[in-house]
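Chemist: sequence-free structure coming up:
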């Protein structure tokens, strides 16, 4: 690919995609509300995520547009936050539809990053793209409106793919570092009754799936972007403890989660909802997961995270020693 556009690409998942694609694409353009900058072949362009502007010229002749825009759902569902969660997704998706429709040479492919939380709480059967049952509630309503906004745009020259992404496990941000911190603190037991399913995916597979979709022009429509083997919350926490080497972990009952979530400004739904989502279409179409099993993913993330932490500590020590030697010699 020559040009890739990341709308709302200044967050965690955007940074993962930049790191993955920067040596595979000639130019990466991030649409962000922050200041403009350029580093190598990566450039950040300002937009407000809701109105057309000069930013839309960058869509011309792009090979790939990925939309990551939307307020983080890791917050309390106050009326103000609920409005921002919904509008940030609808406004950005609708204005991108307008920009793509207006382009003389629109992006060849638009991948919309959505959420697997659109499916109902499921402990009885897995949810796939064809037979999965849509849930109810605020989060589901947001997902449904978000997907409608994506599909309602008429963009005949642009192939569209929507990824219903599960819980992304990554080194630097998202759910994984927070769960690992619980394990370190001895609080890495099951949350709630621990039977709720966790449909997870390694951050590398998210990037790899996007690249794979770009290379398969026959692929369109909805794809569940989750690993093929969802696991229970209790199993996930046990794997984390074993991999990290923590012999115990106190469990967190639902009532205590309610209190804790209120104190830290989040919602228990993010932990207690059972997301049993499977990527049937990806498997049928031939995508091969790099991390199909949770134990593989957790081992990779723990070992590499420890490596980078040790490296950062070493670099800090070297900088400190250098500064002390410089001060002494002066």
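Modeler: Sure, I can see it. Here the structure is a predicted model, which means the values were calculated and not measured. Numbers count the residues shown, from 1 in each chain.

Chemist: Run the chain-centre distance for stretch 88-104.
Modeler: Relative to its chain's centre, stretch 88-104 lies at 21 Å (CA atoms, centre = their mean, to the nearest Å).

Chemist: roughly how far apart are residue 240 and residue 297?
Modeler: Applying CB to CB, to the nearest Å, the value for residue 240 to residue 297 is 11 Å. For every residue, glycine as well, the C-beta is placed using N, CA and C.

Chemist: Same question for residue 241.
Modeler: 15 Å.

Chemist: more crowded one of the two?
Modeler: It is residue 297, of residue 241 and residue 297, that has more neighbours when counted by other CB atoms under 10 Å, with 26 against 18.

Chemist: So that one lies in a strand, does it not?
Modeler: No: Residue 297: not assigned to a strand; according to DSSP: H, G, I helix; E, B strand; the rest coil it is helix.

Chemist: quick one: contacts for the nearest residue to residue 95 once chain neighbours are set aside?
Modeler: Nearest in space to residue 95, with sequence neighbours left out and distances taken as CB to CB, 6 or more residues apart in numbering, is residue 50 at 5.6 Å. Shown in contact with residue 50 (CB atoms under 8 Å, 6 or more residues apart in numbering): 87, 91, 92, 95.

Chemist: which intervals of this structure have sub-threshold pLDDT?
Modeler: 304-330 (pLDDT under 70).

Chemist: Buried residues of stretch 43-62, list them for me.
Modeler: Buried positions in stretch 43-62, judged by neighbour count with 16 or more other CB atoms under 10 Å: 44, 45, 47, 49, 55, 56, 58, 59, 62.

Chemist: quick revisit: residue 20: which of the contacts of residue 50 is nearest?
Modeler: Minimum distance to residue 20 across the contacts of residue 50 is 22.0 Å, recorded for residue 92 (CB to CB).

Chemist: show me what contacts the closest one?
Modeler: 7, 8, 49, 50, 67, 69, 70.

Chemist: Ends of stretch 227-246, what's the gap?
Modeler: 25 Å (CA to CA, to the nearest Å).

Chemist: Buried residues in it, which are they?
Modeler: For stretch 227-246, by 16+ other CB under 10 Å, it's 227, 229-241, 243-244, 246.

Chemist: Give me the subset of those residues lying in strands.
Modeler: Using DSSP state E, the members of those that fall in strands are 231, 232.

Chemist: so how far is stretch 262-271 off the chain centroid?
Modeler: Distance of stretch 262-271 from the chain centroid (CA atoms, centre = their mean) equals 18 Å.

Chemist: who touches the helix or strand harbouring residue 206?
Modeler: Assessed by DSSP states H and E, residue 206 sits inside helix 203-214. Here helix 203-214 makes contact (CB under 8 Å, 6+ apart) with 1, 13, 16-17, 20-21, 24, 63-64, 66, 109, 111, 161, 163, 165, 168-171, 174, 219, 223, 225, 227, 282, 287, 289-291.
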